[in-house]
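Colleague: Sequence first, then the predicted structure:
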Amino acid sequence: MPSPTRAPPKTPDVPRRYGRPSTLGALIPKATAAALDQRGFAGGAIITRWAAIVGDDLASYAAPLEVKFQRQRNDQATLVLQVASGAAATLLQMKAPLVIERVNAFLGYAAISRIQAQQGPLPRKRMREPTPQVVLSAEEEAQVTQATQHVASPDIRSALTELGFAIARRAHEQSYANRAKDPSRKARGV
């Protein structure tokens, strides 16, 4: 029997989760904010949107490493970029005014005044595995065509038929992707 002077034992404080699961894309900015802020990146947006800021051509041979701000100043910063080769550094030097203009436009103020190139390997991009081209069977095509047959306007009927074909192809692609991801199929040799 517990003594009246003793408090009941505490249960460990386990945080409870309420609500729905979050997507990974929504969690990444929160998880990387501290590390990116130490490197001088404005909320990490320069890294995460680099290709959109400078274009795919420039992003293919240069990647941002850090932004070096002068003490007590938010302008006249140096953007340090990793380039793949000496030739890429020369190209970057030629395009430096354009890069500075685009990054400053993205940030909303004239933060960057210089660009410094550092030669080294660029991070590899993951290539998507191509999905096979889906060909609908004659039965599926007939089913879609029959479903849109009652539409009076030929233009609208044509558009709806193409939409139906696209939806049917998408369903096939998703079932193919699900089969490819299923580890039990590989174990069974299917």
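Modeller: Yep, that arrived.

Colleague: Point out where this structure drops to low pLDDT.
Modeller: In the predicted model, the chain carries pLDDT under 70 at residues 1-4, 7-19, 22, 24-44, 73-74, 125-132, 176-190.

Colleague: and it, what are its domains?
Modeller: Taking automatic domain parsing as the domain assignment, the record places the domains of the chain at 32-119, 138-188.

Colleague: now those as TSV including distance to Arg20 and mean neighbour count?
Modeller: Every residue, glycine included, has its C-beta placed from N, CA and C. Written out in TSV, the entries for the domains of the chain read as follows (distance: least, Cβ to Cβ, whole Å; neighbours: other Cβ atoms under 10 Å):
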stretch	distance to Arg20	mean neighbour count
domain 32-119	22	15
domain 138-188	22	12
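
Colleague: JSON lines for those, including distance to Arg6?
Modeller: Below are these laid out as JSON lines (distance: least, Cβ to Cβ, whole Å):
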{"stretch": "domain 32-119", "distance to Arg6": "43"}
{"stretch": "domain 138-188", "distance to Arg6": "52"}
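
Colleague: Let me see the ranges of the strands in the protein.
Modeller: Read by DSSP state E, the chain holds these strands, from start to end of the chain: 62-68, 77-83, 112-119.

Colleague: of all those, which lies closest to Thr148?
Modeller: For these, distance to Thr148 was read as Cβ to Cβ. The smallest value, 48.0 Å, belongs to strand 62-68.
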